[in-house]
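# build me a model from this:
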Amino acid sequence: MRGWKMWSLVLALVLLAACDAMRTGHSESLRISTPSPAPADSTAESLRARGDALLQQSDYQSALAAYSRALELKPDDAETYNNRAFAYWKSGNLDHALADFDRALDLRPQYVNALTNRAFVYYDLGEYALTLADASRALELDPNDDSAYMIRGNAYLRQGDVTRALADIERASRIRLAHSFENGSQY
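Reported below is the predicted structural model:
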């Protein structure tokens, strides 16, 4: 009986961590990079910055409009595709989100944030093998991507692999804790 209680406790902790990761909206994975704009890109860059601000306010429709205008001016901007895909995902349009994440990765195949973000969309679609593939690839490129560990752990859990799920969720928690201390905040 004692072994059963231990596994029940472990599963409860894993599920709590999984729910917490999904509840927070995965906002940490949208690491918006804002490189110094070239003079010809200043309008596209300002539109992307506007979209980023709107996205942070959860005004997804306005963010989508700003990103779309930015992409009309600069159609080869992987970051804008990633951010627009994130806005599509948060607004529930998973097909458009996948298309934009795919485009971001066509433009920049080793774009960790796009891989991790796309893994979350695949997870929402119940495509756990694709979730695992994208999260694992993201972790090959950035072994400190806590969100990739978290979503991969959730996918392992859905597939019944509690051992791997627990290992990944624990690793994500350790990375998040280390980041919180680096930033001077308490977890």
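
# check which element follows the lowest-mean-pLDDT helix or strand in the chain along the chain.
Lowest on mean pLDDT, DSSP states H and E among the helices and strands of the chain sits helix 2-23, with a mean of 51. Per DSSP states H and E, the first helix or strand lying C-terminal to helix 2-23 is helix 42-56.

# can you name the element that comes right after that next one?
helix 60-73.

# ok, and what's touching stretch 95-106?
For stretch 95-106, the surrounding residues in contact (C-beta atoms under 8 Å, 6 or more residues apart in numbering) are 78-79, 81-82, 84-86, 88-89, 111, 114-115, 117-118, 121. Quick note: C-beta positions are derived from backbone N, CA and C, even for glycine.

# nearest to residue 51, of the residues you listed?
residue 84 (7.2 Å; C-beta to C-beta).

# ok, that closest one to residue 123 distance?
From residue 84 across to residue 123, the span is 19 Å (C-beta to C-beta, to the nearest Å).

# these two: which is more packed in?
Legend: neighbour count by other C-beta atoms under 10 Å for residue 84 and residue 123, higher for residue 84 (30 against 22).

# isn't the more buried one up against residue 65?
No. Residue 84 is beyond contact range of residue 65, at 9.8 Å (criterion: C-beta atoms under 8 Å).

# quick one: secondary structure of the nearest residue to residue 68 once chain neighbours are set aside?
Distance criterion C-beta to C-beta, 6 or more residues apart in numbering; nearest residue to residue 68, sequence neighbours excluded, is residue 84 at 6.8 Å. Put simply, residue 84 is helix when judged by DSSP: H, G, I helix; E, B strand; the rest coil.

# and the spatially most central residue of the chain, what helix or strand is that in?
Taking C-alpha atoms, centre = their mean, the centroid of the chain lies closest to residue 117, which sits 3.2 Å from it. Using DSSP H and E, residue 117 sits within helix 112-124.

# now do that helix: everything it contacts.
26, 29-31, 78, 81-82, 85-86, 89, 94, 97-98, 101-102, 104-105, 108, 128, 130-131, 134-135, 137-138, 141-142, 145, 147-148, 151-152, 154-155, 158.

# of these, select the buried ones using a PyMOL command.
Burial among the contacts of helix 112-124 is assessed by 16 or more other C-beta atoms under 10 Å; the matching PyMOL selection reads:
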select buried, resi 26+29+30+78+81+82+85+86+89+97+98+101+104+105+108+128+130+131+134+135+137+138+145+147+148+151+152+154+155
